[in-house]
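Asker: Let's see this in three dimensions:
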Amino acid sequence: MKLKSTGVVRRIDELGRIVIPKEIRRNLGIRDGENVEIFTESDSIILKKHFRLNNTSDLAASLCELIYNDFNYKTMITDREKIIACSGIDKSIINKAITSDYLNIIEGRETVSRENYLFKLENIELLGNFIYIPVISLNDSIGLVILYNEKELTNELTVGKLVASIFAKKLDI
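Answerer: So this is what the prediction gives:
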């Protein structure tokens, strides 16, 4: 794991507290009153946003399978860092880091479609039509639902928005 330097220094107060800068909290989607996980790795203290579901990838995998089995749409779901689930696509794509291009779509919060597009992620290449739907949970953009089809896009946008909405609502619990 490569840690990014923010250039920000904070003092620890007499109760052991520090203030996490607003920009960092916003980038990680951490809101006031939310829980963070704290752990150490060698000489570093790592803070990580804590998700309310025990395993978001199980929910994501179930949704991907449902969409693939019922609608035959190849599906991927990401968080802000990596692919967390897929169906209809080689499972080796799971846990592959997403590129800044996909993070920009997440942060842009707008649905994007790309026709005759070459999707590249490490050693995996898919050619076809894609729809990228940001997953918005509690007003934070936390990932993407990606629907893929080699043929013309038809109802993928509606189905993708439904999956993104269901996934976000389950995370809001």
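Asker: Could you identify the helix or strand that succeeds the top strand by length along the chain?
Answerer: Residue-count comparison of every strand in the chain, with assignments taken from DSSP state E, identifies strand 124-137 as the longest. Following strand 124-137 in sequence order, the next helix or strand is strand 140-149 (DSSP states H and E).
Asker: In that following strand, which of the residues would be classed as buried?
Answerer: Of all the residues in strand 140-149, those buried under the rule 16 or more other Cβ atoms under 10 Å are 140-149. For the C-beta atoms, the positions are set from N, CA and C on the backbone; glycine is no exception.
Asker: and what of stretch 101-115?
Answerer: For stretch 101-115, by 16+ other Cβ under 10 Å, it's 102-103, 105-106, 111-112.
Asker: Which of those fall in helices?
Answerer: For the buried residues of stretch 101-115, membership in helices holds for 102-103, 105-106, with DSSP state H as the criterion.
Asker: And the pLDDT at the spatially most central residue of the chain?
Answerer: The residue lying closest to the centre of the chain (Cα atoms, centre = their mean) is residue 79, at 1.6 Å. With respect to pLDDT, residue 79 scores 88.
Asker: who are the neighbours in contact with it?
Answerer: Taking Cβ atoms under 8 Å, 6 or more residues apart in numbering as the criterion, residue 79 is in contact with 56, 142-143.
Asker: Residue 128: which of the residues you listed is nearest?
Answerer: In terms of Cβ to Cβ, no member of the contacts of residue 79 lies closer to residue 128 than residue 143, at 20.9 Å.
Asker: Could you give the bridge partners of the closest one?
Answerer: Going by DSSP bridges, residue 143 is paired in beta bridges with residue 135.
Asker: Go ahead and confirm it touches residue 103.
Answerer: No: counting by Cβ atoms under 8 Å, residue 143 does not reach residue 103; the two are 10.0 Å apart.
Asker: Pull up the overlap in contacts between the two.
Answerer: Taking Cβ under 8 Å, 6+ apart as the contact criterion, the common neighbours of residue 143 and residue 103 are residue 80.
Asker: Show me where this structure dips below the pLDDT cut-off.
Answerer: 1-6, 50-55, 153, 155-157, 169-173 (pLDDT under 70).
Asker: Strands of that one, start to end?
Answerer: Listed in chain order, the strands found in the chain under DSSP E are 36-41, 44-49, 74-78, 83-87, 112-121, 124-137, 140-149.
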